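Undergrad: Next come a sequence and a model predicted from it.
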Amino acid sequence: MDGIFTSFAVLLFAAVILMIEGAWLWWSGAHGGAARRIAKRLHMMAASGQGGIERVDILKRRSYSANPRLEKQLRRIDRLAALDRLLMQAGVRWSVAQFLGCSLMLMMAGLALPPMFGMPLPPAIGVLALAAAMPWLALLRVRAARLRKLEEQLPEAADFLGRALRAGHSFANVMQMVGEEMPEPIAGEFKFAYEEVNYGVPMNEALHNLALRVPLTDLRYLVIAVLIQRESGGNLAEVFGNISRLIRARLRLLSQVRVMSAEGRMSAWVLCLLPLGVMAVMVVANPIYVRVLWTDPVGVQLMWYALAVAAGGVLWMRKVIRIRV
């Protein structure tokens with residue numbers, strides 16, 4: 001009798017414990033933190049959007065600012081996406097807020113310095129325009145240098161892709177190998193594309209993002225070749241070899257064009273900087289002689305005409321010496 005009672009007590013205790021644990025598991029599954037996160041994700045997926053479905057982005061977006069409030073305000077300006085794309089293509093670590101802050105500081109300096117030195121209106125406007133354009137010119141110059149380096153590395157990357165595919169590797173593994181074994185900056189771009197694929201981004205979209213980050217015509221040829229091969233099949237390694245030869249031939253022709261147009265470019269630089277240099281020498285040597293250009297109304301009008309003609313000449317010489325290959 002005592003054994004039966006003891007067994008009954010043990011079984012009753014175990015049943016109560018299991019019932020409490022089951023109730024806890026039900027509560028945590030229906031109302032716990034994990035359940036709330038899942039419900040929030042499902043609500044986001046079912047939110048209003050095209051066709052009632054909104055895509056949930058699992059990748060971290062580039063931030064415009066470290067300040068959440070400023071980030072929210074900057075996100076409302078659609079045109080800042082183009083600026084963020086330029087910063088991404090240039091490979092700089094600056095955010096949109098930092099770049100805009102630097103531009104604003106230079107513009108304030110361009111507004112404050114001319115009155116301090118007693119500059120007349122035309123040079124003051126020139127200083128302000130130069131201060132406002134300096135960050136953009138520097139950004140475009142860094143972007144052009146990086147894209148030029150990427151363009152020079154593309155033939156070797158195409159050969160690497162072709163050799164790896166002939167060895168039997170998949171295209172995703174080949175992108176990882178390029179990211180690990182090729183030099184920067186092309187290694188970082190392919191590594192980023194491989195990481196996007198690992199995070200679940202479709203291969204086609206990852207390649208489109210690669211072409212967006214590196215706006216080069218040769219890279220677009222490479223991406224288009226991969227997309228066509230994924231749709232219709234074909235010898236992708238041979239296509240990469242042909243693209244590599246095409247890029248090398250185009251770069252060789254571009255080098256020849258740069259050598260042949262070097263004299264014209266040097267002449268353009270001399271003609272652009274000569275008036276400014278002569279004006280600076282005259283201001284230092286005999287300021288009274290040139291002061292009439294900004295003290296007399298006729299002199300001010302002549303300066304405006306000279307600036308307009310000089311700007312037109314610069315644009316015309318740039319059009320003449322710039323040969324696209």
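TA: Okay, I see it. Numbering: from 1, shown residues only.
Undergrad: contacts, neighbours, all on C-alpha from now
TA: Noted.
Undergrad: tell me the SS of residue 132?
TA: At residue 132 the chain is in helix, as set by DSSP: H, G, I helix; E, B strand; the rest coil.
Undergrad: let me fix that: residue 140
TA: Per three-state DSSP, residue 140 ends up helix.
Undergrad: Find me the pLDDT at it, would you?
TA: On pLDDT, residue 140 comes in at 90.
Undergrad: now residue 59
TA: Confidence score, pLDDT, at residue 59: 48.
Undergrad: can you check residue 3 too?
TA: 63.
Undergrad: Same question for residue 46.
TA: 50.
Undergrad: Please read off the pLDDT at residue 15 from the model.
TA: pLDDT, residue 15: 69.
Undergrad: so where is the stretch 51-200 of the chain shaky, pLDDT-wise?
TA: 51-61, 117-120, 122 (pLDDT under 70).
Undergrad: can you give me the strands in it?
TA: With DSSP state E, counting those that start in this stretch, there are no strands along the stretch 51-200 of the chain.
Undergrad: Let me see the contact set for residue 126.
TA: With contact set as C-alpha atoms under 8 Å, 6 or more residues apart in numbering, residue 126 has no partners.
Undergrad: What is the burial count for residue 202?
TA: Per other C-alpha atoms under 10 Å, the neighbour tally for residue 202 reads 11.
Undergrad: From residue 194, how far out is it?
TA: 11 Å (C-alpha to C-alpha, to the nearest Å).
Undergrad: Run a quick neighbour tally on residue 284.
TA: Residues near residue 284, counting by other C-alpha under 10 Å: 11.
Undergrad: Mind giving me the packing neighbours of the strand or helix carrying it?
TA: For residue 284, the element it lies in under DSSP states H and E is helix 262-285. Using 3 or more C-alpha pairs under 8 Å, 6 or more residues apart in numbering; DSSP states H and E, the elements in contact with helix 262-285 are helix 287-290, helix 297-321.
Undergrad: Among the ones you listed, which comes closest to residue 274?
TA: helix 297-321 (11.0 Å; C-alpha to C-alpha).
Undergrad: what's that closest one in contact with?
TA: Counting by C-alpha under 8 Å, 6+ apart, 122, 261, 264-265, 268, 272, 292-294 sit against helix 297-321.
Undergrad: ChimeraX command to pick out the buried ones of those?
TA: To isolate the buried members of the contacts of helix 297-321 in ChimeraX, using 16 or more other C-alpha atoms under 10 Å:
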select :264,265,268,272,293,294
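Undergrad: now, the most widely separated pair of the contacts of helix 297-321?
TA: 261 and 292 (39.2 Å).
Undergrad: Phi first, then psi, for residue 234.
TA: With angles defined as degrees, to the nearest 10, residue 234 sits at phi 140, psi 170.
Undergrad: From residue 65, how far off is residue 72?
TA: Residue 72 is 9 Å from residue 65, by C-alpha to C-alpha.
Undergrad: Likewise for residue 197?
TA: Counting by C-alpha to C-alpha, the gap from residue 197 to residue 65 is 27 Å.
Undergrad: Check residue 167 too.
TA: Taking C-alpha to C-alpha, one finds residue 167 at 45 Å from residue 65.
Undergrad: Looking at those two, which one has more neighbours?
TA: Legend: neighbour count by other C-alpha under 10 Å for residue 167 and residue 65, higher for residue 65 (18 against 10).
Undergrad: doesn't residue 95 make contact with that one?
TA: Yes: in terms of C-alpha atoms under 8 Å, residue 65 counts as a neighbour of residue 95; the distance is 6.2 Å.
Undergrad: for the stretch 201-325 of the chain, which spans come out with low pLDDT?
TA: 324-325.
Undergrad: Could you grab the helix/strand/coil label for the residue lying closest to residue 211 once chain neighbours are set aside?
TA: Closest residue to residue 211 apart from its sequence neighbours, by C-alpha to C-alpha, 6 or more residues apart in numbering: residue 220 at 5.9 Å. In three-state terms, and counting by three-state DSSP, residue 220 is helix.
Undergrad: Next one: residue 246 relative to residue 203, how far apart?
TA: Residue 246 is 25 Å from residue 203, by C-alpha to C-alpha.
Undergrad: The helices and strands packed on helix 262-285 into a markdown table, with extra columns for mean neighbour count?
TA: Converted to a markdown table, these look like this (neighbours: other C-alpha atoms under 10 Å):
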| stretch | mean neighbour count |
| --- | --- |
| helix 287-290 | 12 |
| helix 297-321 | 14 |
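Undergrad: that older thread, what about residue 246 and residue 203, which has more around it?
TA: More crowded of residue 246 and residue 203, by other C-alpha under 10 Å: residue 203, with 19 against 14.
Undergrad: Can you give me the neighbour number for the residue lying closest to that one once chain neighbours are set aside?
TA: Sequence neighbours aside, residue 197 is the residue nearest to residue 203 in space, at 6.0 Å (criterion: C-alpha to C-alpha, 6+ apart). Using other C-alpha under 10 Å, residue 197 is surrounded by 17 other residues.
Undergrad: Just to check, residue 197 is in contact with residue 204?
TA: No: with contacts counted by C-alpha under 8 Å, residue 197 stays clear of residue 204, the gap being 9.4 Å.
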